[in-house]
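**Q** Mind folding the following:
(one chain, ligands or ions: 1)
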Amino acid sequence: MNQTAEQRVAAYNDKWPPALLTYNDRIYGVWVIGNTYENASDFYGEYPHKLLQRMQTLFQDKQKVMHLFSGKIIDKGAMTYDIDESHRPTICDDVRNLLAHKTEIQDRDLVMCDPPYDKSDLKSTTFQSRLAKLRC
Ligand SMILES: C[S@@+](CC[C@H](N)C(=O)[O-])C[C@H]1O[C@@H](n2cnc3c(N)ncnc32)[C@H](O)[C@@H]1O
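**A** Residues are numbered from 1 along each chain as shown. Below you'll find the predicted structure:
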C-alpha cells in the first residue's frame, strides 16, 4: 500500500536530521547534507553522499525503482537507464527513446530522475541531434 506523505516524513525525520514537513499532502524541507561534498568518484553530477539513502527512506514502500539518467548510481535491484554504456545501465539508450522500452519499464512504481544540468551535458544517439548541438 502507498504510504501517505505524513508517513514518509515521519520515517525520514526518524532516521535523518529532521528537516521535512507536510502541507496539503506535499513534502517540504531543506536538506543540509553537510560541508563534505565528497563523492565516491570524480564523476561530474554524481549524487552527493547519502542522497540516495535519504530518498530511499522516503520511499520505503516502492520496491520497483528506476533511475533515469542513472550515471554511476548503484542501487541493488533497481533498474537503471542511461545513454552512456560505460555506466553499464540496465537499459542503455537516449531518454528520447523511452517509449521504445515501455514493456520493460511499465511495472516500475518509482522513477528517480537526475537529468544533465545543462544542454551541453545532454548526450544524443542521433546524428541530427548532434548536428543541432554543433550549430548551437
Ligand atoms: C547528472 S548525471 C546523473 C548522475 C547520477 N545521479 C549519479 O549519481 O551518478 C546525468 C546523466 O545523464 C546521462 N545522459 C545524458 N544525456 C542523456 C540522454 N540523452 N539520455 C539518457 N541519459 C543521458 C549522462 O550519461 C549522465 O550519466
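**Q** in a helix, that's where D61 is, yeah?
**A** No: according to DSSP: H, G, I helix; E, B strand; the rest coil, the state of D61 is coil, so it is not within a helix.
**Q** residues touching it, list them.
**A** Taking Cβ atoms under 8 Å, 6 or more residues apart in numbering, we find D61 in contact with 1-3. Any C-beta I mention is one placed from the backbone N, CA and C, and that applies to glycine too.
**Q** Could I get the phi/psi values of it?
**A** Backbone torsions for D61, taken as degrees, to the nearest 10, come to phi -80, psi 0.
**Q** so which helix or strand takes in the nearest residue to A11 once chain neighbours are set aside?
**A** Excluding the flanking residues, the one nearest A11 by Cβ to Cβ, 6 or more residues apart in numbering is T57, at 5.7 Å. Secondary-structure element containing T57, defined by DSSP states H and E: helix 51-58.
**Q** Quick one: list the elements packing against that helix.
**A** On a contact count with 3 or more Cβ pairs under 8 Å, 6 or more residues apart in numbering; DSSP states H and E, helix 51-58 meets helix 5-15.
**Q** quick one, domains of this structure?
**A** The chain breaks down by automatic domain parsing into domains covering 1-61, 62-136.
**Q** so how far is L98 from G71?
**A** Distance, G71 to L98, using Cβ to Cβ, to the nearest Å: 17 Å.
**Q** who's more crowded, these two?
**A** A direct count of neighbours by other Cβ atoms under 10 Å for G71 and L98 places G71 higher, at 18 against 13.
**Q** May I have the residues that are in contact with the more buried one?
**A** Shown in contact with G71 (Cβ under 8 Å, 6+ apart): 43, 45-46, 82, 84, 87, 114.
**Q** most neighbours, which of those residues?
**A** Within those, most neighbours by other Cβ under 10 Å means D82, with 24 neighbours.
**Q** roughly how far apart are it and the ligand?
**A** The spacing between D82 and the ligand, counted by Cβ to the nearest ligand atom, to the nearest Å, is 5 Å.
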